[in-house]
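K.L.:
sequence plus the predicted model coming up.
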Amino acid sequence: MRRRIVLTLTAALAAPPAMARSDAAQPWPTRPIRLVVPYAAGGPTDVAARLLAETLSASLPQRVIVENRTGSGTVVGTGSVASGPRDGHTFLVATVAHVVNPVLVADLPFDPIAEFRGVVLMGMVPQVVLVTRDAPVRRLPDLLALFRSRSGDFAYDSAGNGSAQHLAAELLKKQAGLDVMHLPYRGAAPAVADMLAGKWPW
């Protein structure tokens, strides 16, 4: 299954027109720029943000800093941008979770559509299925057969609720008729680290 996650750089909507006109007369940026990543460091979203920050820092008069704000399936990081200053110096690195959260999370503290504006598409990341070296399977059909033979015994981890990994795995479960538990993490990096450490032995 080749599902793709879209990484989009978004910013909280600008201040009222009068203030925006005043800011337009000033050089930009006037201080360091923050890229808020709502996932743990080391995952694909974080890596993409850091590559972008490095490139932008080399061409702008101010540094671009990546800030990881994790929790509640990106709600914490996204909420920090929505409630922060809207002066063009803070951006959210959003993924598919940005549009999925209104369905998964009741009483979101922000409106992901009304309060944000897309700026640029950063990239697309293919979804892959990973197992440890000591897993008794090497192909996806064999993995699915193992899941079916021991229904309910296994779990899969993801970068968090509403993440591309979560949605892709749930689609696979539905299509393949699997009973596998979801373990959401605060990002892909800690999920992979636990898998490599053998936290979920076969």
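P.N.:
Cool, the structure landed.
K.L.:
going forward, measure contacts and count neighbours with C-alpha atoms only.
P.N.:
Will do.
K.L.:
pull up the distance across stretch 81-98, start to finish.
P.N.:
12 Å (C-alpha to C-alpha, to the nearest Å).
K.L.:
what mean pLDDT does it get?
P.N.:
Taken as a whole, stretch 81-98 has an average pLDDT of 93.
K.L.:
try stretch 191-202
P.N.:
Stretch 191-202 shows an average pLDDT of 76 in the prediction.
K.L.:
pull the distance from it to the chain's centre.
P.N.:
The chain centre lies 20 Å from the centre of stretch 191-202; the measure is C-alpha atoms, centre = their mean, to the nearest Å.
K.L.:
so for that stretch, what gets flagged as buried?
P.N.:
Going by neighbour count (16 or more other C-alpha atoms under 10 Å), the buried part of stretch 191-202 is Ala191, Val192, Met195.
K.L.:
state the distance from the second one to Arg186.
P.N.:
Right, Val192. For Val192, the distance to Arg186 (C-alpha to C-alpha) stands at 11 Å.
K.L.:
before we move on, the earlier item: what would the buried residues of stretch 191-202 look like in JSON lines with secondary structure?
P.N.:
JSON lines is the format used below for the buried residues of stretch 191-202 (DSSP: H, G, I helix; E, B strand; the rest coil):
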{"residue": "Ala191", "secondary structure": "helix"}
{"residue": "Val192", "secondary structure": "helix"}
{"residue": "Met195", "secondary structure": "helix"}
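K.L.:
okay, and the helix or strand of the chain with the least pLDDT?
P.N.:
Every helix and strand in the chain was compared by mean pLDDT, DSSP states H and E; the lowest is helix 17-24, with a mean of 45.
K.L.:
that one: what's the following helix or strand?
P.N.:
Remark: after helix 17-24, the chain's next helix or strand is strand 33-37, criterion DSSP states H and E.
K.L.:
list the strands paired with that following strand, with their directions.
P.N.:
strand 64-68 (parallel), strand 90-94 (parallel) (DSSP bridges).
K.L.:
tell me, what residue is most central in this protein?
P.N.:
Thr95 (4.8 Å; C-alpha atoms, centre = their mean).
K.L.:
I figured that one hits Asn161, correct?
P.N.:
No - with contact defined as C-alpha atoms under 8 Å, Thr95 does not count as touching Asn161 (11.9 Å).
K.L.:
can you list the buried residues in stretch 68-79?
P.N.:
Within stretch 68-79, the residues that count as buried by 16+ other C-alpha under 10 Å are Arg69, Thr70, Gly71, Ser72, Gly73, Thr74, Val75, Val76, Gly77, Thr78, Gly79.
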